[in-house]
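Asks: Would you be able to build a 3D model of this:
(one chain, ligands or ions: 1)
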Amino acid sequence: MVSLKSITRQGKALFLAYDHGLEHGPDELAEFSGRALDPRFVLQIARQGRYNALVLQQGIAEKYYPPAQQKVPLIVKLNGKTELVGGEAVSRQVCSVKDAKRLGAKAVGYTLYAGSQHESIMFAEFGRIVSQAHRLKLPAIAWVYPRGKKIKDESSPGTIEYAARIGLEMGADIVKIKYCSARGAFERAVKAAGKTKVMLAGGPKTTSREFLRAVQRVMQAGAIGLVVGRNVWQAKEPLRLTREIKKIIFPK
Ligand code: FBP
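Replies: A predicted model of the protein is given here:
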(Lines give C-alpha, C1' and ligand atoms only; values in the text may rest on other atoms or scores of the structure.)
Protein backbone atom coordinates (compact mmCIF):
# COMPACT_ATOMS: atom_id res chain seq x y z
CA MET A 1 0.00 0.00 0.00
CA VAL A 2 1.19 3.52 -0.77
CA SER A 3 2.07 5.65 2.25
CA LEU A 4 -0.11 8.66 3.05
CA LYS A 5 2.52 10.17 5.35
CA SER A 6 3.40 13.14 3.15
CA ILE A 7 -0.21 14.40 3.11
CA THR A 8 -1.40 13.47 6.61
CA ARG A 9 -0.50 14.19 10.21
CA GLN A 10 -1.12 11.51 12.83
CA GLY A 11 -3.20 9.77 10.19
CA LYS A 12 -5.56 12.75 9.84
CA ALA A 13 -5.74 15.44 7.19
CA LEU A 14 -7.11 18.80 6.15
CA PHE A 15 -6.76 19.69 2.47
CA LEU A 16 -7.66 22.99 0.84
CA ALA A 17 -9.37 22.59 -2.56
CA TYR A 18 -9.11 25.25 -5.22
CA ASP A 19 -10.20 23.83 -8.56
CA HIS A 20 -13.49 25.71 -8.62
CA GLY A 21 -12.44 28.18 -11.31
CA LEU A 22 -12.67 25.29 -13.73
CA GLU A 23 -15.52 23.35 -12.17
CA HIS A 24 -17.85 26.25 -11.39
CA GLY A 25 -16.40 29.35 -13.04
CA PRO A 26 -14.98 32.70 -11.85
CA ASP A 27 -18.33 33.93 -10.46
CA GLU A 28 -18.14 31.42 -7.68
CA LEU A 29 -14.60 32.49 -6.79
CA ALA A 30 -15.74 36.10 -6.69
CA GLU A 31 -18.80 35.35 -4.55
CA PHE A 32 -18.95 37.18 -1.18
CA SER A 33 -15.75 39.22 -1.21
CA GLY A 34 -14.16 38.51 -4.58
CA ARG A 35 -10.82 37.80 -2.91
CA ALA A 36 -10.75 34.15 -3.89
CA LEU A 37 -10.49 35.00 -7.57
CA ASP A 38 -6.80 35.63 -6.94
CA PRO A 39 -4.99 32.30 -6.51
CA ARG A 40 -2.42 34.03 -4.28
CA PHE A 41 -5.10 34.71 -1.68
CA VAL A 42 -6.00 31.03 -1.42
CA LEU A 43 -2.40 29.84 -1.53
CA GLN A 44 -1.69 32.13 1.40
CA ILE A 45 -4.53 30.57 3.40
CA ALA A 46 -3.05 27.14 2.69
CA ARG A 47 0.37 28.28 3.88
CA GLN A 48 -0.68 30.29 6.92
CA GLY A 49 -3.31 27.74 7.92
CA ARG A 50 -0.71 24.96 7.56
CA TYR A 51 -2.96 22.74 5.51
CA ASN A 52 -1.80 19.17 4.97
CA ALA A 53 -2.18 19.67 1.22
CA LEU A 54 -3.50 22.01 -1.42
CA VAL A 55 -5.53 20.73 -4.38
CA LEU A 56 -4.91 22.50 -7.69
CA GLN A 57 -5.33 21.93 -11.38
CA GLN A 58 -2.08 21.89 -13.33
CA GLY A 59 -2.47 25.46 -14.68
CA ILE A 60 -2.50 27.14 -11.29
CA ALA A 61 0.06 24.68 -9.94
CA GLU A 62 2.46 25.62 -12.73
CA LYS A 63 1.99 29.40 -12.48
CA TYR A 64 1.37 30.01 -8.79
CA TYR A 65 2.91 27.19 -6.79
CA PRO A 66 6.40 28.52 -6.17
CA PRO A 67 9.11 26.55 -4.36
CA ALA A 68 8.40 28.59 -1.21
CA GLN A 69 4.82 27.32 -1.20
CA GLN A 70 6.05 23.79 -1.25
CA LYS A 71 5.84 23.59 2.50
CA VAL A 72 2.21 22.82 1.75
CA PRO A 73 2.18 19.56 -0.18
CA LEU A 74 0.52 19.69 -3.58
CA ILE A 75 -2.22 17.42 -4.89
CA VAL A 76 -2.80 17.80 -8.61
CA LYS A 77 -6.31 17.19 -9.84
CA LEU A 78 -5.90 15.17 -13.03
CA ASN A 79 -9.33 15.59 -14.57
CA GLY A 80 -11.83 18.41 -14.72
CA LYS A 81 -14.85 19.77 -16.52
CA THR A 82 -16.83 23.00 -16.68
CA GLU A 83 -20.45 23.78 -16.02
CA LEU A 84 -20.78 25.01 -19.57
CA VAL A 85 -21.84 21.65 -20.92
CA GLY A 86 -25.14 19.94 -20.23
CA GLY A 87 -26.06 16.29 -20.19
CA GLU A 88 -24.63 13.40 -18.25
CA ALA A 89 -21.46 14.30 -16.37
CA VAL A 90 -18.13 13.27 -17.79
CA SER A 91 -14.74 14.56 -16.69
CA ARG A 92 -11.71 13.43 -18.67
CA GLN A 93 -8.06 13.42 -17.73
CA VAL A 94 -6.30 16.71 -18.55
CA CYS A 95 -2.97 16.17 -16.81
CA SER A 96 -0.74 13.09 -16.67
CA VAL A 97 0.55 11.49 -13.49
CA LYS A 98 4.10 12.18 -14.68
CA ASP A 99 3.39 15.89 -15.17
CA ALA A 100 1.77 16.06 -11.75
CA LYS A 101 4.91 14.56 -10.25
CA ARG A 102 7.06 17.03 -12.20
CA LEU A 103 4.98 19.87 -10.73
CA GLY A 104 5.82 18.57 -7.26
CA ALA A 105 2.64 16.64 -6.49
CA LYS A 106 2.65 14.40 -3.44
CA ALA A 107 -0.64 12.82 -4.54
CA VAL A 108 -3.07 12.93 -7.43
CA GLY A 109 -6.84 13.42 -7.49
CA TYR A 110 -9.57 12.42 -9.92
CA THR A 111 -13.37 12.83 -9.93
CA LEU A 112 -15.52 9.81 -10.72
CA TYR A 113 -19.11 10.62 -11.61
CA ALA A 114 -20.48 7.20 -10.76
CA GLY A 115 -23.97 6.71 -12.15
CA SER A 116 -23.37 8.89 -15.18
CA GLN A 117 -23.89 7.25 -18.56
CA HIS A 118 -20.21 7.92 -19.08
CA GLU A 119 -18.92 6.37 -15.88
CA SER A 120 -17.06 3.61 -17.75
CA ILE A 121 -14.79 6.23 -19.41
CA MET A 122 -13.83 7.69 -16.03
CA PHE A 123 -13.46 4.28 -14.39
CA ALA A 124 -11.07 3.13 -17.11
CA GLU A 125 -9.02 6.33 -16.85
CA PHE A 126 -8.87 6.23 -13.07
CA GLY A 127 -7.86 2.54 -13.14
CA ARG A 128 -4.83 3.44 -15.24
CA ILE A 129 -4.07 6.47 -13.04
CA VAL A 130 -4.03 4.33 -9.89
CA SER A 131 -1.44 1.97 -11.42
CA GLN A 132 0.73 4.82 -12.70
CA ALA A 133 0.51 6.77 -9.43
CA HIS A 134 1.33 3.74 -7.32
CA ARG A 135 4.34 2.95 -9.48
CA LEU A 136 5.60 6.45 -8.58
CA LYS A 137 4.58 5.94 -4.93
CA LEU A 138 1.93 8.65 -5.14
CA PRO A 139 -1.41 8.14 -3.41
CA ALA A 140 -4.48 8.31 -5.67
CA ILE A 141 -7.49 10.18 -4.31
CA ALA A 142 -10.95 9.66 -5.78
CA TRP A 143 -13.62 12.30 -5.53
CA VAL A 144 -16.63 9.98 -5.91
CA TYR A 145 -19.70 12.01 -6.78
CA PRO A 146 -22.64 9.88 -7.92
CA ARG A 147 -24.38 12.00 -10.53
CA GLY A 148 -26.73 11.41 -13.44
CA LYS A 149 -30.34 10.80 -14.46
CA LYS A 150 -30.65 7.77 -12.25
CA ILE A 151 -29.28 9.44 -9.11
CA LYS A 152 -32.19 10.96 -7.23
CA ASP A 153 -30.20 12.27 -4.27
CA GLU A 154 -26.41 12.67 -4.42
CA SER A 155 -26.08 12.60 -0.65
CA SER A 156 -28.64 10.05 0.48
CA PRO A 157 -27.31 7.44 2.92
CA GLY A 158 -27.28 4.66 0.33
CA THR A 159 -25.59 6.87 -2.25
CA ILE A 160 -22.71 8.02 -0.05
CA GLU A 161 -22.19 4.46 1.16
CA TYR A 162 -22.01 3.28 -2.46
CA ALA A 163 -19.65 6.15 -3.31
CA ALA A 164 -17.30 5.16 -0.50
CA ARG A 165 -17.29 1.53 -1.66
CA ILE A 166 -16.53 2.57 -5.24
CA GLY A 167 -13.39 4.23 -3.91
CA LEU A 168 -12.23 0.94 -2.40
CA GLU A 169 -13.16 -1.15 -5.43
CA MET A 170 -11.35 1.24 -7.78
CA GLY A 171 -8.12 1.19 -5.79
CA ALA A 172 -8.23 4.71 -4.35
CA ASP A 173 -6.11 5.35 -1.26
CA ILE A 174 -8.51 8.05 -0.14
CA VAL A 175 -12.11 8.53 -1.20
CA LYS A 176 -13.78 11.89 -0.87
CA ILE A 177 -17.53 11.82 -0.49
CA LYS A 178 -20.42 14.20 0.16
CA TYR A 179 -21.97 14.78 3.55
CA CYS A 180 -25.06 12.99 4.76
CA SER A 181 -26.54 13.90 8.12
CA ALA A 182 -28.74 10.82 8.48
CA ARG A 183 -27.97 8.88 11.61
CA GLY A 184 -25.27 6.24 11.09
CA ALA A 185 -24.90 7.01 7.37
CA PHE A 186 -21.32 8.23 7.48
CA GLU A 187 -20.31 5.37 9.80
CA ARG A 188 -21.68 2.89 7.24
CA ALA A 189 -19.87 4.71 4.45
CA VAL A 190 -16.57 4.50 6.34
CA LYS A 191 -17.18 0.79 6.88
CA ALA A 192 -18.01 0.27 3.21
CA ALA A 193 -14.73 1.95 2.22
CA GLY A 194 -12.72 -0.64 4.19
CA LYS A 195 -8.99 0.13 4.02
CA THR A 196 -9.59 3.14 1.78
CA LYS A 197 -9.59 6.25 3.96
CA VAL A 198 -12.63 8.50 3.82
CA MET A 199 -12.61 12.29 3.64
CA LEU A 200 -15.52 14.69 3.57
CA ALA A 201 -16.15 17.06 0.66
CA GLY A 202 -16.85 20.53 2.04
CA GLY A 203 -19.77 21.56 -0.18
CA PRO A 204 -21.26 25.01 -0.85
CA LYS A 205 -20.83 27.76 1.73
CA THR A 206 -22.94 27.32 4.81
CA THR A 207 -22.78 28.87 8.29
CA SER A 208 -19.59 28.13 10.19
CA ARG A 209 -21.60 26.57 12.98
CA GLU A 210 -23.40 24.17 10.70
CA PHE A 211 -20.19 23.35 8.90
CA LEU A 212 -18.23 22.62 12.07
CA ARG A 213 -21.03 20.37 13.30
CA ALA A 214 -20.74 18.34 10.08
CA VAL A 215 -16.96 18.08 10.53
CA GLN A 216 -17.47 16.86 14.08
CA ARG A 217 -19.95 14.21 12.96
CA VAL A 218 -17.81 12.79 10.19
CA MET A 219 -14.73 12.65 12.39
CA GLN A 220 -16.72 10.75 15.01
CA ALA A 221 -17.87 8.44 12.22
CA GLY A 222 -14.28 7.51 11.38
CA ALA A 223 -13.35 9.85 8.54
CA ILE A 224 -9.70 10.97 8.48
CA GLY A 225 -10.54 14.58 7.69
CA LEU A 226 -11.85 16.83 4.99
CA VAL A 227 -11.10 18.48 1.70
CA VAL A 228 -12.58 21.92 1.96
CA GLY A 229 -12.85 24.78 -0.51
CA ARG A 230 -15.72 27.26 -0.49
CA ASN A 231 -16.52 27.05 3.22
CA VAL A 232 -13.03 28.28 4.02
CA TRP A 233 -11.99 30.69 1.29
CA GLN A 234 -15.47 32.26 1.10
CA ALA A 235 -15.52 32.73 4.88
CA LYS A 236 -15.07 36.20 6.36
CA GLU A 237 -12.11 34.97 8.37
CA PRO A 238 -10.70 31.89 6.65
CA LEU A 239 -7.83 31.40 9.10
CA ARG A 240 -10.08 31.60 12.11
CA LEU A 241 -12.36 28.94 10.64
CA THR A 242 -9.32 26.86 9.76
CA ARG A 243 -8.25 26.91 13.42
CA GLU A 244 -11.72 25.75 14.49
CA ILE A 245 -11.69 22.91 11.97
CA LYS A 246 -8.22 21.83 13.08
CA LYS A 247 -9.29 21.68 16.71
CA ILE A 248 -11.78 19.01 15.67
CA ILE A 249 -9.52 17.05 13.33
CA PHE A 250 -6.41 17.23 15.50
CA PRO A 251 -7.78 17.44 19.05
CA LYS A 252 -4.34 17.14 20.71
P1 FBP B 1 -15.88 22.46 -1.73
O2 FBP B 1 -15.40 22.26 -0.31
O3 FBP B 1 -15.92 23.90 -2.10
O4 FBP B 1 -17.18 21.74 -1.96
O5 FBP B 1 -14.76 21.80 -2.66
C6 FBP B 1 -14.71 20.42 -2.89
C7 FBP B 1 -14.94 20.09 -4.35
O8 FBP B 1 -14.90 18.70 -4.56
C9 FBP B 1 -13.98 20.77 -5.31
O10 FBP B 1 -12.77 20.05 -5.43
C11 FBP B 1 -14.79 20.83 -6.57
O12 FBP B 1 -14.44 21.90 -7.38
C13 FBP B 1 -16.17 21.03 -6.08
O14 FBP B 1 -16.23 20.53 -4.76
C15 FBP B 1 -17.18 20.30 -6.91
O16 FBP B 1 -18.44 20.67 -6.49
P17 FBP B 1 -19.77 20.08 -7.10
O18 FBP B 1 -20.24 18.99 -6.22
O19 FBP B 1 -20.72 21.24 -7.02
O20 FBP B 1 -19.50 19.65 -8.50
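Asks: and the nearest residue to residue 17 once chain neighbours are set aside, what is it in contact with?
Replies: Distances taken as C-beta to C-beta, 6 or more residues apart in numbering put residue 229 closest to residue 17, at 3.8 Å, once the chain neighbours are dropped. (Each C-beta comes from the backbone N, C-alpha and C, glycine too.) By C-beta atoms under 8 Å, 6 or more residues apart in numbering, the contact set of residue 229 is 16-20, 202.
Asks: Run through the residues you listed and flag the ones next to the ligand.
Replies: 17, 19-20, 202 (C-beta under 6 Å from any ligand atom).
Asks: Widest-spaced pair of those residues?
Replies: Farthest-apart pair in these is 19 and 202; separation 12.2 Å (C-beta to C-beta).
Asks: Neighbour count for these two, which is higher?
Replies: residue 202 (24 against 21; other C-beta atoms under 10 Å).
Asks: For the more buried one, which non-adjacent residue is closest in space?
Replies: Per C-beta to C-beta, 6+ apart, closest to residue 202 is residue 228, 3.7 Å.
Asks: Okay, and the beta partners of the one you found?
Replies: Here residue 228 sits in beta bridges with residue 16, going by DSSP bridges.
Asks: what sits against it?
Replies: 14-17, 202, 245 are the contacts of residue 228 under C-beta under 8 Å, 6+ apart.
Asks: Let's see that with 7 Å instead.
Replies: 16-17, 202 (C-beta atoms under 7 Å, 6 or more residues apart in numbering).
Asks: Now the stretch 101-250 of the chain against the ligand: closest residue?
Replies: residue 202 (2.4 Å; C-beta to the nearest ligand atom).
Asks: low-confidence ranges in the stretch 151-252 of the chain?
Replies: Scanning the stretch 151-252 of the chain for pLDDT under 70 picks out nothing.
Asks: quick one on the thing from earlier: for the contacts of residue 228, which one is nearest residue 67?
Replies: residue 16 (18.6 Å).
Asks: returning to what we had before: out of the contacts of residue 228, which is nearest to residue 212?
Replies: Using C-beta to C-beta, residue 202 comes nearest to residue 212 of the contacts of residue 228, at 11.6 Å.
Asks: need the contact list for the closest one.
Replies: By C-beta under 7 Å, 6+ apart, the neighbours of residue 202 are 226-231.
Asks: Looking at the residues you listed, point me to the pair that's furthest apart.
Replies: Pairwise over those, using C-beta to C-beta, the maximum falls at 226 and 230, 12.2 Å.
Asks: Which of the two has more residues huddled nearby?
Replies: residue 226 (29 against 22).
Asks: Is the more buried one located within a helix, as I assumed?
Replies: No. Using DSSP: H, G, I helix; E, B strand; the rest coil, the secondary structure at residue 226 is strand, not a helix.
Asks: give the contact list for it.
Replies: Applying C-beta under 7 Å, 6+ apart, the residues contacting residue 226 are 14, 199-200, 202, 215.
Asks: if we go to 6 Å?
Replies: 199-200 (C-beta atoms under 6 Å, 6 or more residues apart in numbering).
Asks: Close to the ligand: what parts of the protein are there?
Replies: 17, 19-20, 23, 143, 145, 201-203, 227-231.
Asks: So which of those residues are in helices?
Replies: Those of the residues of the chain next to the ligand mapping onto helices are 20, 23, 230-231, per DSSP state H.
Asks: Counting neighbours, what do you get for residue 152?
Replies: Under the criterion other C-beta under 10 Å, the count of neighbours that residue 152 has is 8.
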